[in-house]
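1. this one's sequence-less:
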């Protein structure tokens, strides 16, 4: 819109990455409530030192035509990794299946950018389904500048 500030869009993957940086003692509910009341400046937002990285795991063909209903196998993922379900569902037998283009978002925290990126990709490696797709260049520019 004309005259409106150009604010970044925080969709699910971006927000999930930011959540990895909140300190355990940070009260997210208090932050959200203060934000809704227009009083965000009155609430402390405690952040961890370090970095977060997020890799979206998509169904092959995404964002165009992609398959649904493929069986998903989830292996154990490393500590420090959070796997967010996006396009998944359980069938009547309780099996986890793909149900959308963006299937998972795999976020990780690390004390360095290199460790956060490595951990996120190790988390991605614990996920298996037919025609899995994910970018392999996440944070590449940041890693090359270090």
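-> Cool, the structure landed. What you see is a predicted model, and the numbers here were worked out from it, not measured in a lab.
2. ok, the closest residue in space to residue 25 that isn't next to it in sequence - how many residues close by?
-> Take residue 25 and drop its neighbours on the chain: the residue closest to it by C-beta to C-beta, 6 or more residues apart in numbering is residue 46, 6.1 Å away. Glycine gets a C-beta too; all of them are placed from N, C-alpha and C. Look at residue 46: counted by other C-beta atoms under 10 Å, it has 13 neighbours.
3. okay but residue 46 is in contact with residue 28, surely?
-> No. The criterion here is C-beta atoms under 8 Å, and residue 46 misses it with residue 28 at 10.4 Å.
4. just to revisit the earlier point, what sits against the residue nearest to residue 25?
-> 22, 23, 25, 26 (C-beta atoms under 8 Å, 6 or more residues apart in numbering).
5. and for residue 20?
-> By C-beta under 8 Å, 6+ apart, residue 20 lies in contact with 52, 54, 82, 107, 108, 109.
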